[in-house]
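Asker: my questions concern the predicted model and sequence given below.
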Amino acid sequence: MDFVADQGADEVVLVDDEDFGAEIIAANGGEPVDVVADVVGEPTWPGSIDALRQQGRLVSIGGHGGLMAEVNVGEV
């Protein structure tokens, strides 16, 4: 986490918690975020999407957790 913060991240949230999307929003003052950089893939997409504001961006930069994600497009 220190490395990411040293690179300029405003907040860093680990995905150890099942409801990390809510943690991301809480870390952002209760507001959904503009961008989520997801390095895991399938298991973390739902929480990442939950954390995004309308018209936010999910940047998928990894897939070691799985490449096939089931997404409710009504929530996107």
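Answerer: In hand now; what should we look at?

Asker: so how far is the helix or strand bottoming out on mean pLDDT in the chain from its chain's centroid?
Answerer: Using mean pLDDT, DSSP states H and E, the weakest-scoring helix or strand in the chain turns out to be helix 2-6, at a mean of 86. Taking Cα atoms, centre = their mean, to the nearest Å, the mean C-alpha location of helix 2-6 is offset from the chain mean by 17 Å.

Asker: in the longest strand along the chain, what's buried?
Answerer: Looking across the chain with DSSP state E, the single longest strand is strand 52-60. The neighbour-count check on strand 52-60 (16 or more other Cβ atoms under 10 Å) flags Leu52, Leu58, Ser60 as buried. Glycine gets a C-beta too; all of them are placed from N, C-alpha and C.

Asker: try stretch 33-43
Answerer: So, applying 16+ other Cβ under 10 Å, buried residues of stretch 33-43: Val33, Val36, Asp38, Val40, Gly41, Glu42.

Asker: please apply the same query to stretch 3-19.
Answerer: So for stretch 3-19, counting by 16+ other Cβ under 10 Å, buried means Val13, Val15.

Asker: show the end-to-end separation of it, please.
Answerer: 23 Å (Cα to Cα, to the nearest Å).

Asker: next: stretch 13-27.
Answerer: By Cα to Cα, one end of stretch 13-27 lies 8 Å from the other end.

Asker: average pLDDT for it?
Answerer: The average of the pLDDT scores along stretch 13-27 is 85.

Asker: which residues does it contact?
Answerer: 1, 11, 31-33, 36, 40, 44, 46-51 (Cβ atoms under 8 Å, 6 or more residues apart in numbering).

Asker: turn the residues you listed into JSON lines, including distance to Asp19.
Answerer: Below are the contacts of stretch 13-27 laid out as JSON lines (distance: Cβ to Cβ, whole Å):
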{"residue": "Met1", "distance to Asp19": "19"}
{"residue": "Glu11", "distance to Asp19": "16"}
{"residue": "Glu31", "distance to Asp19": "17"}
{"residue": "Pro32", "distance to Asp19": "14"}
{"residue": "Val33", "distance to Asp19": "15"}
{"residue": "Val36", "distance to Asp19": "14"}
{"residue": "Val40", "distance to Asp19": "15"}
{"residue": "Thr44", "distance to Asp19": "12"}
{"residue": "Pro46", "distance to Asp19": "10"}
{"residue": "Gly47", "distance to Asp19": "7"}
{"residue": "Ser48", "distance to Asp19": "12"}
{"residue": "Ile49", "distance to Asp19": "13"}
{"residue": "Asp50", "distance to Asp19": "8"}
{"residue": "Ala51", "distance to Asp19": "10"}
